[in-house]
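Q: Sequence and predicted structure, then a few things I'm wondering about:
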Amino acid sequence: MQPQVAKVIVDVPVKDTDRPFDYLIPESMRAWIEIGSRVGVPFGHRTVQGFVVGLQDEPSTGGIRLKAIQEVLDVVPPLSPELVKLAEWMSQKYACRFITALQVMVPTALKGKAERYISLGEASEPSPDEDEYAGSLVRISSEPTEEVRTITTYVGQKGEVPLQQLSRIFPDSADNIKSLLRKGILQENQSIKDKLQKKTLKAVDLAVDANEAEAALDGFPAKAQRQREVLQFVLEMKDLLPLPLKEILTSLQVSAATVKGLADKGFISIEDLEVFRDPYRGRRFKPSMPLELNDEQKHAYDRIVDTLDAYSHGVFLLHGVTGSGKTEIYLQTIQHCIEQGRQAIVLVPEIALTPQMVERFKGRFGDQVAVMHSRLSGGERYDEWRKIREGKVTVAIGARSAVFAPFEHIGLIIMDEEHETSYKQEESPKYHARDVAVKRAQQQGAAVILGSATPSLESYYASRSVADEQFAPMLLEMKHRALGNELPAVEIVDMREELKEGNRSMFSRSLHQAIEARLERQEQTVLLLNRRGYSTFVMCRSCGFVAGCPECDISLTYHQKSNNLRCHYCGYAEPAPEVCPDCGSEHIRYFGTGTQRVEEELAKLFPGIRVIRMDVDTTTEKGSHEKLLKQFRDKKADVLLGTQMVAKGLDFPDVTLVGVITADSALNLPDFRAGEKTFQLLTQVAGRAGRHQLPGEVMIQSYTPDHYSIIHASGHDYLAFVRDELKHRRNLHYPPYCRLILVTLTHEQLPLLVRMAENMVSVLQGKARQRGWFGSLDRLTADAFDVLGPVASPIPRIKNRYRFQCMVKWRGNIDAVGLVREATEQLEDTAHNQKLQISIDVDPQMLM
Ligand SMILES: Nc1ncnc2c1ncn2[C@@H]1O[C@H](COP(=O)(O)OP(=O)(O)OP(=O)(O)O)[C@@H](O)[C@H]1O
Ligand SMILES: [Zn+2]
Ligand SMILES: [Zn+2]
């Protein structure tokens, strides 16, 4: 028997709706509804979108009459039961709504909204003699005027008209339409409409056997010669059918009516053909063959393949120095996985999703690869997603959200540069793609490869310790570069010394000389400006005024292109002032994007130098990133200058010098990971030098040359860095020695917010005490739960709302997230009318 009841999670963002609701499945829909189906259901007076997360044979006894599902929105359910299960896990792990987790798994194109449609109702048109009995007043208003007739006839002809369209066509008839609806002459239905439709194309196919058509050619009357030509053409192209109608029209210069006439005779058919918008259409990728693996690679490869062959779950931490050939291992293990008939997902940081990376996968696996990233248009992204869902590809490569690629038999999930913070989503659901990847692989019996030259401390620590961890990856190490060349020599330049010697330029004398030498030898240079924490604000040098956002406590960022100042948090924008708004001074200075200043300086110091600048300003346009890299590769420039973007994944043979303008600009940020991020960035960018025949050289300019992050990065010494960094983390009780939950409260009124935040802390402490967990992390007990704060958030106000936060530090085998969620719900109950907002960030990456 087919199930009669569906459990549906609805998209209604209010209290008490974060649970499945039961709906009857109408007879006609039973064959279509599965777990993971997207449906339109009545909720209150509206139609809303929802996802089926469970099925039940019959209604539970209890007697409330269930409402029925109104529509099934897709032929193929967008989610599989496995993804639904994953979403449920996410909602618990990250304390988010179930619907939020489900929505993040489907492309935006499928975030449908209810639309109102008008059709003819049950009641018939009022006839004049019925009206005879009514009073004269009524009679005047209900007489079917000319206008009312036109409306009903129009709706009758169309069958169903969107309300919006109807009111556009009859702009002055709102009252009439309303009254017709009241009387039941017209009726309103709601239906979910997707943001984007599949793209279709009129295509022509043969409708009869080719021989039959051939035979019929001679029988065409003289006046139908054009039709005959069309049929002949279709027969010639028979191997390429179905043919786009457009192609026939332009090739033969015939009219659509001619082709239609031929279709009416039954020889051909004209149909809507689904087409996929392919972002890489027409692009050829250099085919690549598997390379013979070296010993280190072979060792790692064998381990992974063993797990694949056993069809079991396993996590590997592939720690390989830059250029050690990690990508080749990804490619060959994927190959193995595909041969098993399974599919693979490759996750890369958005910033590293360069054409070079895509090319390596497309070059090996061709059309088998779908690419998902934010630079694609909504339609392209939707179509790439559909290729995956419909089984047309076997490899998906993309940023963070590609971890939800709707494959059904995943064998392998690869996460390249696993330490990157962009794997954490900063808005709800605040998930980390690494945890989701591991969970998903567990559900599917798949392997995970976490690859990096500088693994996150969390992952590395997990691979070295046994107990008390969420996952324990197997460590695979590759200490040598695949092409046998050495890691580049690194020199730390003490910028304080430069200043002492009277050099006030941003280039030290050594870096200056090194660039000069490259220009002479026609080799290339990569320059990194570590822009985290770098100023892009506008400051008056006379009075110190800094332009700030009126809604958020943060300085505005200068955008050169539009010559305006913008707030990165709320989008507020204003034109850049010419004089200081405060004191009227003209000495108001635009710091630009930092990289701009470096570019100017380069031009001054090295006349004629060709520089490609890569930063947010020069890469906003689609494909610009790609274009710039290609220019650099073709040696159209001497220097590639940029932010973090230039540090990742690039592999250019003629780059022999890497310079870091200021290594320490991020070290002073209020972030316990500042040292780790600096080390990672320096190691990554140093790895861009001397990757091929020519030896490489790296220069790191720093004002704190004794910092362990900088010293160990210059020695390519990951283990020494880890040892020092772990010491700090242990002393300060930070991950990986405990875990964090950041609870942020916001409100428009500061005093009330402070009270609520204090309340939050005591509720948390009270609950932890009840459970016997509460206590300082200093004690060596296994289970611990501590709450710090409340304090004002590092950004104390956003969009006119003040922000306070408290930090939970916890350890052990306890449900800390559950407790925080409970406390939040309790507080929200009392605070509901006070418009307090609480956000929970589990394992936060940014402490903003
Ligand atoms: N087994 C091999 N034999 C020959 N060349 C190889 C082999 N493996 C990798 N290479 C080459 O070595 C270079 C570095 O490899 P790859 O880019 O895969 O390293 P990686 O570890 O992914 O680098 P990174 O993390 O620095 O981006 C590439 O040019 C690649 O083609
Ligand atoms: Zn001023
Ligand atoms: Zn703002």
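A: Thanks, I have the structure now. Ligands and ions are numbered 1, 2, ... in the order given.
Q: Hmm, V148 is touching N176, no?
A: Yes - with contacts counted by C-beta atoms under 8 Å, V148 reaches N176, the gap being 5.6 Å. In short, each C-beta sits where N, CA and C put it, glycine included.
Q: Distance-wise, check V763 relative to ligand 1.
A: Remark: distance between V763 and ligand 1 (C-beta to the nearest ligand atom, to the nearest Å) = 46 Å.
Q: What pLDDT is listed against that residue?
A: On pLDDT, V763 comes in at 93.
Q: Tell me the buried residues in the helix or strand containing it?
A: Element membership for V763, per DSSP states H and E: helix 750-770. Residues of helix 750-770 classed as buried by neighbour count (16 or more other C-beta atoms under 10 Å): L753, V754, M756, A757, N759, M760, V761, V763, L764, K767, A768.
Q: Repeat that for stretch 388-397.
A: I388, R389, V393, T394, V395, A396, I397.
Q: Find me the pLDDT at the third one, would you?
A: What the model reports as pLDDT for V393 is 95.
Q: Assess the claim that it and Q368 are in contact.
A: Yes - assessed by C-beta under 8 Å, V393 is found in contact with Q368 at 5.4 Å.
Q: Break this structure down into its domains, please.
A: Listed by automatic domain parsing, the domain ranges of the chain are 116-193, 199-275, 295-478, 489-534+594-731, 739-842.
Q: so of those, which one's packed in deepest?
A: Among those, ranked by average contacts under mean count of other C-beta atoms under 10 Å, first place goes to domain 295-478 (a mean of 21).
Q: Please state the mean pLDDT value computed over stretch 502-511.
A: Average pLDDT, stretch 502-511: 88.
Q: what does it rub up against?
A: 491, 493, 495, 498, 512, 515, 597-598, 601, 605, 659, 661-662, 699, 701 (C-beta atoms under 8 Å, 6 or more residues apart in numbering).
Q: would V698 count as being in a helix?
A: No - looking at V698 with DSSP: H, G, I helix; E, B strand; the rest coil, it is strand, so not inside a helix.
Q: That one contacts E486, doesn't it?
A: No - proximity of V698 to E486 does not meet the contact threshold set by C-beta under 8 Å, at 11.9 Å.
Q: returning to what we had before: out of the buried residues of stretch 388-397, what pair is the most spread apart?
A: Greatest spatial distance in the buried residues of stretch 388-397: R389 and I397, 15.9 Å, computed using C-beta to C-beta.
Q: for the protein, which strand is longest?
A: Criterion DSSP state E: the longest strand present in the chain is strand 784-798.
Q: Show which residues not belonging to stretch 420-428 make contact with it.
A: With contact meaning C-beta under 8 Å, 6+ apart, stretch 420-428 is reached by 94, 96-97, 100, 104, 347, 349-352, 399-401, 415, 430-434, 673, 677, 839, 843-846.
Q: what does stretch 65-72 give?
A: Residues from elsewhere that reach stretch 65-72 (C-beta under 8 Å, 6+ apart): 5-6, 8, 22-26, 29, 32-33, 37-42, 47, 59, 190-192.
Q: gap between the two ends of it?
A: This stretch, stretch 65-72, spans 21 Å end to end (C-alpha to C-alpha, to the nearest Å).
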